[in-house]
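A.B. asks: I'll drop the sequence and a predicted model, then ask my questions.
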Amino acid sequence: MNSKVVAIIGSYRRGGTIDSAVKIILEGARERGAETHVVYLTEQHIEFCRNCRECMQTPGEQRGKCLQIDDLEPILQEIEAADAIVLGSPVNCYNVTAIFRRWMERLVGFGYWPWGQNAPRPRVKRQPRKAVLVASSAMPGFLIPWATGAARALRLTARMLGAKPVGKLWIGLAAAQPHQPLSPGRLRRARRLGWKLA
């Protein structure tokens, strides 16, 4: 049976650096027989988390369900049916974009945090999925994990979704022109990351 890879894109621009890099990663995955699907967060109706913590009160391994009715549940069901995920966001104000963060905050149902307990704990410690993390920035790419919170946010999101990162793509100097092309080296690396997910 073919593996399934779901990409979550937190970029505001179609055809931008993140979108282009994720497309190549998914091409690589399809070359190895995977089925792929892209979720653009800008096209989804995602409400803000209300911090009611209702989704975190019931014990057990089953993810808690949010009381709000929007597009979160279908996205999470698709991820839970997948073998691998790609998480991509540009760096805005030294972190992932606001729309990615908005979606990320809604993932708290993957934790158990009853009232009176000091901190949440993950419901499931195993990580059955693979993940590739992608971020772009105007600064040199090697600075993304050191000078921003984006890498940490992407790693935390992967962990909440039960995914273990098997690769990352930090794309720097991405603000030279409106549609900055990826270098041949970045294209090759993106394709190889897709192969790892399939």
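C.D. replies: Perfect, thanks for sending it.
A.B. asks: Kindly give the local confidence score, pLDDT, for the residue lying farthest from the centre of the chain.
C.D. replies: Within the chain, the residue lying farthest from the chain centre (CA atoms, centre = their mean) is G116, at 30.4 Å. Note on G116: pLDDT of 90.
A.B. asks: Then M1?
C.D. replies: So, for M1, pLDDT stands at 63.
A.B. asks: C-terminal to the lowest-mean-pLDDT helix or strand in the chain, what's the next element?
C.D. replies: Within the chain, no helix or strand scores below strand 121-122, which has a mean of 88 by mean pLDDT, DSSP states H and E. Next helix or strand after strand 121-122 toward the C-terminus (DSSP states H and E): strand 129-136.
A.B. asks: counting contacts, what elements does that following strand pack onto?
C.D. replies: The elements that strand 129-136 packs onto, with contact taken as 3 or more CB pairs under 8 Å, 6 or more residues apart in numbering; DSSP states H and E, are helix 17-31, strand 84-90, helix 150-160, strand 163-171, helix 184-197. Glycine gets a C-beta too; all of them are placed from N, C-alpha and C.
A.B. asks: Name the residues of stretch 103-115 that are buried.
C.D. replies: Neighbour-count burial for stretch 103-115 flags W103, M104, R106, L107, V108, G109, F110, G111, Y112, W113 (criterion: 16 or more other CB atoms under 10 Å).
A.B. asks: which strands and helices sit next to the least confident helix or strand of the chain?
C.D. replies: Using 3+ CB pairs under 8 Å, 6+ apart, strand 121-122 sits against strand 111-112.
A.B. asks: which helices and strands does the strand it packs on pack with?
C.D. replies: With 3+ CB pairs under 8 Å, 6+ apart as the test, strand 111-112 has strand 121-122 packed against it.
A.B. asks: picking that back up, could you tell me how far the least confident helix or strand of the chain lies from the centre of the chain?
C.D. replies: The chain centre lies 19 Å from the centre of strand 121-122; the measure is CA atoms, centre = their mean, to the nearest Å.
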